[in-house]
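Asks: Turn this into a structure:
(one chain, ligands or ions: 2)
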Amino acid sequence: MWEIKHSRSASFYDRFERKGGNTEITHYCPGCGHGVMQKLIAEAIDDFGIQDRAILVGPVGCSIFMYYYLDVGNISASHGRAPAVATGVKRARPEAVVFCYQGDGDLAAIGGNEILHAANRGESITVFFINNGIYGMTGGQMAPTTPLGQRTTTSPRGRSFEVEGPPMRMCELLATLDGPAYIERVALTNARQNMRARKAVRKALRNQVEGRGFSFVEILSPCPSGWKVPPEEANRWVEKYMVPVFPLQVFRDLDHSDRLPKGIDVSKGGGIPFAADPPVPAAEAPEGGSVARGTIGEEALTLSGFGGQGVLFAGMALAEGAMREGLEVTWIPSYGPEMRGGTAHCHLRLSRQPIASPWISRPTSLIAFNQPSIGKFAHAIQPGGLLLANASMVKEVPDRKDIRIVRIPSYEIASELGSAKSTNMVMLGAYLELTGAVDQESILAAFVEKGTRPGMLESNRRAIEAGRRAAVEAEQA
Ligand SMILES: Cc1ncc(C[n+]2csc(CCOP(=O)(O)OP(=O)(O)O)c2C)c(N)n1
Ligand code: SF4
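Replies: Ligands and ions are numbered 1, 2, ... in the order given. From the prediction side, this is the model:
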């Protein structure tokens with residue numbers, strides 16, 4: 001006797017805990033294709049035994065709450081940015097099975113560029129593209145994929161070629177690129193087509209497990225609420241109005257396992273290793289540099305001032321020197337549109353461990369080149385941290401006893417050396433003296449590598465050393 005048992009996939013949570021009550025069902029409308037698709041994905045994850053290494057990069061759209069349902073790793077990307085986020089995750093964690101789940105507004109409109117480039121790079125990720133021809137979440141606006149003639153809240157007379165342009169076919173568009181390994185379009189219209197969708201979902205995930213390259217599955221999916229049709233008619237609606245515009249077919253089916261982006265170790269035929277964590281390589285000294293000569297552990301440094309003061313350059317020089325010492329480094333600049341006189345700052349992290357996020361909200365050190373920088377960042381310095389102020393332009397420092405405050409008249413020092421432009425190097429020298437972050441020779445070696453002229457190199461050396469002496473004097477005063 002056969003026993004047929006219906007149960008929820010193990011890759012779904014037992015209860016869908018979310019605010020607003022019913023924890024037994026999803027929030028999708030009756031007849032919506034999202035539920036069906038997510039079931040197919042969950043089943044495939046179960047069957048392949050990849051739940052512990054599956055990572056969903058979710059969209060903005062009706063399925064934004066998918067993370068309440070699927071019990072896998074998840075990241076919510078900004079609207080349309082899932083392929084870029086997935087790229088980062090996959091490159092950092094090659095053993096993970098990373099998949100994007102995106103609507104047509106998310107993928108084809110605001111995220112159009114992201115998907116094109118991820119596909120073109122042939123990222124080793126899987127993308128599920130839920131095309132319901134409309135913006136469901138926001139109440140039924142026209143999407144790039146809305147068929148001609150369809151009435152939406154933003155095309156109330158029906159989409160026309162003349163006014164809104166024709167619908168965009170993403171599979172066909174991506175198939176013009178060499179990067180993708182697998183592209184297929186399926187539809188949720190009846191049991192037979194649902195089984196084809198199931199097969200495509202499984203193939204797209206298996207491709208990634210086997211390291212075959214970028215896989216893209218477009219699923220024509222009903223949205224009865226957005227289309228304003230009864231749920232029982234929605235599948236026929238897909239068949240009648242969408243399938244003629246978006247033909248169901250395989251557009252590409254290749255094995256790109258020997259062409260994956262660098263850094264991904266896929267032994268041909270053997271698949272992606274199942275190891276939990278990739279080995280962390282030992283830091284190696286680049287030619288001409290040395291390993292870990294500075295004494296820094298974890299540093300979250302913000303440098304801030306006016307555009308033109310060399311704030312970003314000082315941060316970059318420190319970053320370059322730190323890299324030569326084998327430290328993990330991130331550097332993010334932020335500046336106004338003006339080339340001179342606007343505000344500029346950068347966040348710099350130096351660490352002996354991999355850095356989780358480059359953003360800094362609580363710096364351990366602040367180098368303030370001007371007074372506005374004090375108002376903007378000084379309150380956020382961590383207790384025990386350092387405020388290094390350019391006394392030439394910073395007249396008031398905060399009354400904080402829990403941080404170390406050092407003031408250096410860097411403009412005057414640099415001017416005495418013959419070049420006021422070296423103010424930033426004077427500040428950098430003082431910072432090196434006070435923190436021991438990086439050896440000054442590592443920074444100078446980086447300058448040499450980048451082709452700095454000998455005269456300029458010497459001038460930078462003198463400015464850095466003058467800053468170091470000024471820091472010692474300021475500490476003794
Ligand atoms: C930056 C940004 N722009 C616009 C929005 C508004 N918004 C939310 S969801 C959405 C489109 C959703 O449509 P789709 O991707 O087709 O998914 P569906 O809801 O149909 O599943 C838009 C435009 C937003 N949240 N963020
Ligand atoms: S609005 Fe459309 S896409 Fe969104 S949940 Fe309802 S049926 Fe699904």
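
Asks: wait, what's in contact with residue 13?
Replies: 68-71 (C-beta atoms under 8 Å, 6 or more residues apart in numbering). Glycine gets a C-beta too; all of them are placed from N, C-alpha and C.

Asks: So what's the residue count around the residue nearest to residue 81 when sequence neighbours are not counted?
Replies: Distances taken as C-beta to C-beta, 6 or more residues apart in numbering put residue 114 closest to residue 81, at 5.7 Å, once the chain neighbours are dropped. Residue 114 has 23 neighbouring residues, counting by other C-beta atoms under 10 Å.

Asks: I'd say residue 114 and residue 84 touch.
Replies: Yes - counting by C-beta atoms under 8 Å, residue 114 touches residue 84, with 5.0 Å between them.

Asks: Which ones among the contacts of residue 13 map onto strands?
Replies: When DSSP state E defines the strands, the subset of those inside them is empty.

Asks: Throw those into CSV and include distance to residue 192, pLDDT and neighbour count, thanks.
Replies: Below are these laid out as CSV (distance: C-beta to C-beta, whole Å; pLDDT from 0 to 100; neighbours: other C-beta atoms under 10 Å):
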residue, distance to residue 192, pLDDT, neighbour count
68, 31, 94, 18
69, 26, 95, 24
70, 26, 97, 22
71, 29, 97, 17
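
Asks: quick one: residue 24 and residue 12, what's the gap?
Replies: 11 Å (C-beta to C-beta, to the nearest Å).

Asks: Have a look at the two and say which one is more surrounded.
Replies: Using other C-beta under 10 Å as the criterion, residue 24 and residue 12 rank with residue 12 on top: 21 against 8.

Asks: can you pull the contacts of the more buried one?
Replies: Here residue 12 is in contact with 42, 69-71 (C-beta under 8 Å, 6+ apart).

Asks: same question for the longest helix along the chain, mean pLDDT?
Replies: Ordering each helix of the chain by length in residues (DSSP state H) puts helix 454-476 first. In this model, helix 454-476 has an average pLDDT of 94.

Asks: tell me which residues in that helix are buried?
Replies: Buried residues in helix 454-476, defined by neighbour count with 16 or more other C-beta atoms under 10 Å: 459-468, 470-471, 474.

Asks: Next, give me the two most distant ones among these.
Replies: The span of these, defined through C-beta to C-beta, is set by 459 and 474 at 22.3 Å.

Asks: rewinding a little: I'd like to check which residues are in contact with the residue nearest to residue 81.
Replies: By C-beta under 8 Å, 6+ apart, the contact list for residue 114 reads 80-84.

Asks: same thing but at 6 Å, please
Replies: When contacts are counted by C-beta atoms under 6 Å, 6 or more residues apart in numbering, residue 114 touches 80-81, 83-84.

Asks: Which one of the residues in the stretch 151-300 of the chain is closest to ligand 2?
Replies: residue 223 (3.3 Å; C-beta to the nearest ligand atom).
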